[in-house]
Structure formats: C-alpha cells, structure tokens
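> got a predicted structure here, sequence first:
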Amino acid sequence: MNQPNSDNVKFAITTPLYYVNAAPHIGSAYTTIVADVIARFHRLQGHSVLMITGTDEHGQKIQRAAEEQGIAPQEHCDAIADSFAALWHKLNIHYDRFSRTTATRHHAIVKEFFSRVWNNKDIYLSKQQGWYCVSCEEFKEERELLEGGLCPIHTNKKVEWRDEDNYFFRLSQYQERLEKLYSEQPEFIQPESRRNEVLNFVKGGLQDFSISRVNLEWGFPIPHDPNHTIYVWFDALLGYVTALLEPEDEPTLENALKNYWPINIHLIGKDILRFHTVYWPAMLMSAGMTLPGKVFGHGFLTKDGKKMGKTLGNTIDPIALLDRYGADAVRYYFLKEIEFGQDGDFNETRFVNVLNADLANDFGNLLNRSLGMLKKYCQSQVPEVKVTDFSETHPLKSIGVKLSDRVVNAYKSLNFTGVCEEIFNLIRACNKYIDEQAPWSLYKQKQQEEVEQVLYAVLESVRLCAYLLSPIIPNLCGDIYQQLGFELDFNNPTLINKTELFAEHSQWGILAGGKTLNKPHPIFNKLELPSQESNP
RNA sequence: CGCAGCGUAGCUUAAUGGUAAAGCGCUUGGCUCAUAACCAAGUGAAUACGGGUUCAACUCCCGUCGCUGCAACCA
C-alpha cells in the first residue's frame, strides 16, 4: 500500500492503563474521550496516529477482589477489561491498542526494561516496614491512620503491618536530571498549575521508591529473585511501551521503540501526576530511553458541584448516561463545557440546556432550515456558485477562510472550549446571515441567483464546521456530511486519514455544485430536561 | 501547622496594569425557511472581603474568609 502520509507525522497518545479494581467510571471515560478527540484530530490531518489505552491488572488489590468473588485473578481481569472495552465502544472511541499488563508480551518487555535499569545499578535491595493499606497498595505513616488502625482513604479497611525486603529504585539520583528536564522542556508537564506542583515536590528532594512486594502472587516476579513481585506501578507504566509493539513483533524494547517512541502525550488525571512526571521519566532515563513529549494532567469531575464518590452515592454511571443521551452528546458536553485542565462540573440541567442550544438549535436546525430551503427553492440541488463570486468581506466567507487555522491552533493547544467557540462563531453568523438575507423574500422577488448564493454560503459554512468538529462529535458530523452529499464517514479512518483531504476540506468554498441532495432530517433531537421530582 | 492555587453576571467561563466581555438562562419585540427553532434589543458584576502601591488594579503587594491541591509510593 502506498500511503505517502503514513510516514510523515507520527503521533502517539495514551490514556492511563486503568486499574481493574472496579468497572469503569465517568472519570476514565472523560480521559478517554479527550484522548480520542486528540487522536481523531491528528488522523483528520493525515498523521499516522497510535492511540493507546488499556488496563493495569496486577497487584494485591486485584488478587483479593478476585478471591472475594471466588474466581481466578485473570478471570476477574478479563471481565473488567471487557467492560472497559465495551464502554469505549459505546463512546465511539477509536483506540489502536488496548494494552493489558497481564499480556505475555508485556512480561517480556518488563523483564528487559528491568534488566536495563538493574544493569545501570539503579535497583537495590533494602527493607521497608510500616503499616500497609492493601486498598491503597501503599505504606502509611502511623500518624495519618484513623482510630483503630484504619486507612484514612479506605475508612473501612484496617492497615496491615509489614516488615519486608523490597527492591528500591534510586529515584534520589535523578533529581538534578529531572529538574533539568522540567526547565529545558517547560511544556513537559501541563497545565502550568500542575507543573508548579511537581516542581515544588521535586525541589523538596526525592527518595528512592520501592518497586517490589513480597507475599504477592499476582504480578511479575523480579528477575533473579522470584520471591519478589514487581510493584504495580513499575509494571503498569511500561504497558505504554508494550503497546507500541506491532502484533507480529517479537516483544523486545528495540521493536517497541522503533516506530512510535517517544510518545507525544500522556493524558492522565491529576491524581497520578507524580508517577508520570517524576517516576516515569526517571525510570526511562535509567533505561537510556528518550522521554515523552508531554504529560497533561486534567482535572476531576464533580456532580452538581459536589465531589463524586461511592460514599456520597452521587456517581455518574457512564453507561446509563450514554444510553440516555448518546455518545456525541456526552463527548460534546465534556469537551465544550469543561475547561480542559481544570475541574469541571456535571449538571444534568446544564447538560441538556447546552446540548439543545448548541447541537439541536444552533447547529442542527441551521442545517435543517438550509436544506429545507434548498429543497423548496432549488429542488435540493447544490447551487453552482463560484467561490470567487464572494467578496473577501462576505460575512460568512471572511470567517470561514480563517476558521481552520484558528481551530487547528486551538486543538493543538488542547483548548477544546476554544475549538467549539470558534466554530460556533461561524454557526451563529450563519443563522444571523439567513435572517438578514431572508432567502424566502428573495425567492418571492424571483431573485434566484441571490437565493442560491446565500444558500451556498450557508451550506458550505455548515460543512466546514462539521469537518472541524468531527473529532468531537463524529457521528453528527458524518450525518451532516452525508446530507450534504459526501460519502465521507468520520468513523472510517481509512477514508479520512489523508493529508490531501484535510488540505481540501479545511478550506472554505469546496462544496461542489450540481449535486442533488436527499431529503433532510434532523441530526440531533432535542433532549428532555430531567423530571422535576428527581431534582428536589 | 506548613507550601501552592483559586474566588468575575443566576450558571459556565474570558479579559498584555488602561472603558469588565462571551455563551447559557431570563424579559420584550421581530421573522416565518426551520427541530416552539432563528434574529434583535434588553436584563444582569462595588471582580469574595479589608487595606496598600499606581495617573490607572480583576490584574501587583499585605491581611481576612471560603474552596481546592500538595505534604513520598492515592490508575
């Protein structure tokens, strides 16, 4: 196959490999949606994209969760991993790799990586003792424990006393090199506020951290010392590397790194910032590997202004949300209404209001009314209009010709709110333009040429908006493209992943005249507000 | 206790030290192509509070209150 674009720009992005201690929650869905949008945006430009997601499946917590259900750990992992994959399917996530840390090939990668770090003398055996919370998978200070030896996070779990040999990673050796990395590559940690957090933390001095556990079966053994099991984090982060292997590759680091390394963006929640911005680069330095381009730690979601949690019983079930509103609605809300990087709130009334206002009224109705007029006034035939007939100051063209650059910039800086804002600027201008031009009056006055110009300008603007919004709401945009007579399907990467296509479709004025369009239908039905009773 | 960040219209957010903006919501009017949609006008902010620096402060400094994060291994 001759794909001139596939060797051009390479782009790799990851979500966290989600821990399989429970079914996927809305926060994981949020991260994965954003990663998918970024991946789709790059594919749209014809870049060669590798989007990685997956599951982290080792550790005592998993082992015990399985025991409680009376099933084998692997069986438990399989079930949860399936539920993640099913949710991604429902959300219309197009990932390229689903990396599971229990994969055999992952074991090979971990082994090889471990021995690199080992040979670099960055791993040593020492003692770790203290109170250990299995749910946290971590040691606790005596003073932070609640009365009765309960974990402060898992308030119903007793901590256990551990006195054990652990292998440690010499993180302390990397402070200077990490600080150098942060200053030389200021965009490595984003957003800025998180970067400062990390800078502060590292400035305070780094301690070695343990990378093994004893008395733990569910995990990979430490090479040369099978009594120890590799600690989940050390193993999990490497799942990103394993994911880079082509299916037919031998599982070696060399093979994994040949194509998509270094990864461009690790997208994570702010809770796991330190692992990705401190431990991870240090581990990679030790193994002599180049470093990822960027770690972005986004915010958390609240529900009606309150922290979500099982104890509060106010979690959002992603499946229920999707069943009720559909993938594009959920994707749009998260990208448009939540300032990326900051904490964001989910409020169902606002959710419904925003979607109805933007997708049903402004955008959907715009297409519908325009196609309705095209049918009435032009027999559903796209007018033959020359782009050059429109002056540079034309209210729609003047926005349209500049839109792509602005939107691309917003996407590149991960400013998704900005993306939507730019695009809806043109959408609102279209509605205003129709009102001012009043094609129905022009038609009655037999000014057919003017009618055609107006409708062409509007339809072409709608097309451009759909094209640029397609990473966020691919189904709706695909529907719009179909109604405008294109074969393009934004869910089919082999159709859209082309540089030339982007060069053409990101312009204003490419809609070809002469096509007869099918009967229009609404792209997005208005949503119902949640019933009053459920909102006392 | 300590360190850091945040606090702008009913809501979500903007604003190189230079007239505080936008969208949603709400009110009124207009239009009739359209998904009771769209367009216009209006409504609405002592920028948390109190001081200070400055010709000028949402922006810089100090303090108070409130929220959040970090405080070593929380996917």
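Looks like it arrived, so ask away. Numbers count the residues shown, from 1 in each chain, chains lettered A, B, ... in the order given.

> so which bits of the helix or strand where A:A86 lies are buried?
Using DSSP states H and E, A:A86 maps to helix A:73-90. Neighbour counts over helix A:73-90 (16 or more other Cβ atoms under 10 Å) mark A:73, A:76-78, A:80-81, A:83-85, A:87-88, A:90 as buried. Just so you know, the C-beta spots here come from the backbone N, C-alpha and C atoms, and that holds for glycine as well.

> from those residues, which two are the most distant?
A:P73 and A:K90 (26.1 Å; Cβ to Cβ).

> follow-up on the earlier one: ok, so of the buried residues of helix A:73-90, who is nearest A:N21?
Once Cβ to Cβ is applied, the member of these that ends up nearest A:N21 is A:I80, at 7.9 Å.

> any figure for the gap between that closest one and RNA strand B?
Look at A:I80 and RNA strand B: by Cβ to the nearest atom of the strand, to the nearest Å, they are 10 Å apart.

> tell me the confidence at that residue?
pLDDT for A:I80: 95.

> one more: A:K157?
65.

> can you check A:Q190 too?
88.

> residues in contact with it?
For A:Q190, the contacting residues are A:294-297, A:341, A:414, by Cβ atoms under 8 Å, 6 or more residues apart in numbering.

> and it, what are its bridge partners?
A:F296 (DSSP bridges).

> which ones are touching A:L414?
Counting by Cβ under 8 Å, 6+ apart, A:L414 makes contact with A:38, A:190, A:296, A:340-341.

> about what we covered before: which one of the contacts of A:Q190 is nearest to RNA strand B?
Nearest to RNA strand B out of those is A:G341 (Cβ to the nearest atom of the strand; 8.4 Å).

> in space, what's closest to that closest one - neighbours in sequence excluded?
Excluding the flanking residues, the one nearest A:G341 by Cβ to Cβ, 6 or more residues apart in numbering is A:P191, at 4.0 Å.

> count the residues that sit near that neighbour.
Per other Cβ atoms under 10 Å, the neighbour tally for A:P191 reads 17.

> dihedrals phi and psi, it?
phi -70, psi 180 (degrees, to the nearest 10).

> my guess is it contacts A:G297, does it?
Yes. Counting by Cβ atoms under 8 Å, A:P191 touches A:G297, with 7.5 Å between them.

> which residues do the two both contact?
Counting by Cβ under 8 Å, 6+ apart, the residues touching both A:P191 and A:G297 are A:G341.

> now do the phi/psi pair for A:A287.
When read as degrees, to the nearest 10, the backbone of A:A287 gives phi -90, psi 0.

> show me the contacts for it.
A:A287 makes contact with A:113, A:116-117, A:120, A:253, according to Cβ under 8 Å, 6+ apart.

> now A:Q453. Nearest residue, chain neighbours left out?
Using Cβ to Cβ, 6+ apart and skipping residues adjacent in sequence, the residue nearest A:Q453 is A:V385, 5.8 Å away.

> in the stretch 251-400 of chain A, where is pLDDT below threshold?
Scanning the stretch 251-400 of chain A for pLDDT under 70 picks out A:310-312.

> what does it have sitting close to RNA strand B?
Selection of the stretch 251-400 of chain A residues close to RNA strand B by Cβ under 7 Å from any atom of the strand yields A:270-272, A:274-275, A:305, A:307, A:337-339, A:342-345, A:347, A:350, A:353-354, A:356-357, A:359-362, A:364-365, A:367-370, A:372-373, A:376.

> could you flag which of those are buried?
Of those, these count as buried by 16+ other Cβ under 10 Å: A:270, A:272, A:274-275, A:337-338, A:344, A:347, A:354, A:356, A:359-360, A:364-365, A:367-370, A:373.

> just those residues: which are in strands?
If you go by DSSP state E, these have A:G344 in strands.

> end to end, how far does stretch A:91-102 reach?
End-to-end distance for stretch A:91-102: 25 Å, by Cα to Cα, to the nearest Å.

> ok, now stretch A:118-129?
Terminal residues of stretch A:118-129 are spaced 23 Å apart (Cα to Cα).

> in that stretch, what counts as buried?
Buried residues in stretch A:118-129, defined by neighbour count with 16+ other Cβ under 10 Å: A:118, A:122-123, A:128.

> restrict those residues to contacts with RNA strand B.
The residues of the buried residues of stretch A:118-129 that also fall near RNA strand B, by Cβ under 7 Å from any atom of the strand, are A:Q128.

> re earlier: most neighbours among the contacts of A:L414, please name it.
Counting by other Cβ under 10 Å, top hit in the contacts of A:L414: A:F296 with 25 neighbours.

> what's the neighbour count on the residue nearest to A:A81 when sequence neighbours are not counted?
Sequence neighbours aside, A:T55 is the residue nearest to A:A81 in space, at 4.7 Å (criterion: Cβ to Cβ, 6+ apart). Using other Cβ under 10 Å, the number of residues around A:T55 comes to 25.

> for stretch A:523-530, C-alpha coordinates in CSV please.
Output of stretch A:523-530 as CSV, limited to C-alpha atoms (Å, rounded to 0.1, in the frame of the first residue of the first chain):
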residue,chain,number,x,y,z
ILE,A,523,-29.2,15.4,13.1
PHE,A,524,-29.8,15.9,16.8
ASN,A,525,-33.2,15.6,18.5
LYS,A,526,-33.8,17.9,21.4
LEU,A,527,-33.2,16.3,24.8
GLU,A,528,-35.8,16.3,27.6
LEU,A,529,-34.9,18.0,30.9
PRO,A,530,-34.7,15.6,33.7
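
> got a list of what A:L511 touches?
By Cβ under 8 Å, 6+ apart, the residues touching A:L511 are A:382, A:456, A:459-460, A:463, A:484.

> one more time with 10 Å
Contacts for A:L511 (Cβ atoms under 10 Å, 6 or more residues apart in numbering) come out as A:382-383, A:385, A:387, A:456-457, A:459-464, A:484-486, A:505.

> dihedrals phi and psi, it?
Torsion angles, degrees, to the nearest 10, at A:L511: phi -60, psi 120.

> sorry, back to before: could the contacts of A:L414 be laid out in JSON lines, adding distance to A:V419?
Output for the contacts of A:L414, formatted as JSON lines (distance: Cβ to Cβ, whole Å):
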{"residue": "A:I38", "distance to A:V419": "11"}
{"residue": "A:Q190", "distance to A:V419": "17"}
{"residue": "A:F296", "distance to A:V419": "16"}
{"residue": "A:F340", "distance to A:V419": "10"}
{"residue": "A:G341", "distance to A:V419": "14"}
